[in-house]
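Peer 1: here are the coordinates; sequence isn't available:
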């Protein structure tokens, strides 16, 4: 049994998000509509090791040829090198315009595989099967694809909507604890920018020690996905309200780059970035209680002591962010709980202070 959320966008195709535990039957029914006898699977290495039978048994009932490309774990896989290898694999195996590509894994896999689907033959059908909490509540929804560049994160990519998303919480049964925490940051983000009750729901799940229980998290996963879906439907290409989803991310991308995209996970960086954003918001007159986020700090076991760049240098790195406009850093801050806004930075000293504050918290 699955629940559905319909994604209706103003400029792109509409598609459905499927949620549930073991969506094999729904997936088998869905793929019957494809005329192609061939399919590509770009899958995370960990997922391939632990869940190959689960997805292969469903897909092989329709597709006579199932070509599987293994994507290395970690943010470093979102590189030109891996992108080119994946592109070569798909082209050499004989891709056609109607050949579907299944992206099975977390955010890295979805971003990379989505960019392959978007660019090969100018676009082939893409189906996301997110396998991490982060991917289920955030990265598989909304059509952002791309890879990293040495200048910064996600600087090469495109908007490309999938045909469907199947968020099967069965995959969460083998999700490592650190990856649960990694995805938790995006859930907390929705609590900060939209629905404060989410923070209470997270607390309840943690008190009951529900990590690794995908069924228990399913309502919160759907709620988070619905928030993102509603925002994306209003602003597909991130020209307005969708920018609110970047709360904490401008700081986070700098932290990730400082760790060479391997030292700090995306979720860890976003968590620290949100704490930075709360500080900056309060310095500009808001009254946001930092404990809303700091109460989860022990989960992250995060230290930023290895960041050697000065606050001034970190500010310069922020200027390479893709959301910079007219050479001005743009931050998503809070006027009050649940009321985000875009703030164009003119107070560079404020950002220096924010970095000093954040680095001190995570010593």
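Peer 2: Ah, there it is. Please read these numbers as outputs of a predicted model, since none were measured by experiment.
Peer 1: mind listing the strands for the stretch 1-150 of the chain?
Peer 2: 2-7, 15-20, 38-44, 65-71, 101-105, 126-130, 144-149 (DSSP state E, counting those that start in this stretch).
Peer 1: what about stretch 146-153, how long is it end to end?
Peer 2: Stretch 146-153 has its terminal residues 9 Å apart, counting by C-alpha to C-alpha, to the nearest Å.
Peer 1: buried residues in it?
Peer 2: 146, 147, 148, 149, 152, 153 (16 or more other C-beta atoms under 10 Å). For the C-beta atoms, the positions are set from N, CA and C on the backbone; glycine is no exception.
Peer 1: does the third one touch residue 157 like I think?
Peer 2: No: applying C-beta atoms under 8 Å as the test, residue 148 and residue 157 come out as separate, 9.3 Å apart.
Peer 1: without its sequence neighbours, what residue ends up closest to residue 72?
Peer 2: Spatial nearest neighbour of residue 72, excluding adjacent residues (C-beta to C-beta, 6 or more residues apart in numbering): residue 45 at 5.8 Å.
Peer 1: again, but for residue 85
Peer 2: Using C-beta to C-beta, 6+ apart and skipping the chain neighbours, the partner closest in space to residue 85 is residue 69 (7.9 Å).
Peer 1: separation between that neighbour and residue 179?
Peer 2: 21 Å (C-beta to C-beta, to the nearest Å).
Peer 1: likewise for residue 308?
Peer 2: 27 Å.
Peer 1: and the pLDDT for residue 8?
Peer 2: Here the pLDDT value assigned to residue 8 is 69.
Peer 1: should've said residue 270
Peer 2: 97.
Peer 1: wait, a helix at it?
Peer 2: Yes: the assignment for residue 270 is a helix, going by DSSP: H, G, I helix; E, B strand; the rest coil.
Peer 1: and residue 244, what does it touch?
Peer 2: Neighbouring residues of residue 244 by C-beta atoms under 8 Å, 6 or more residues apart in numbering: 193, 231, 332, 340.
Peer 1: so which of these are in strands?
Peer 2: 332, 340 (DSSP state E).
Peer 1: tell me which two of the contacts of residue 244 sit farthest apart.
Peer 2: 231 and 332 (12.0 Å; C-beta to C-beta).
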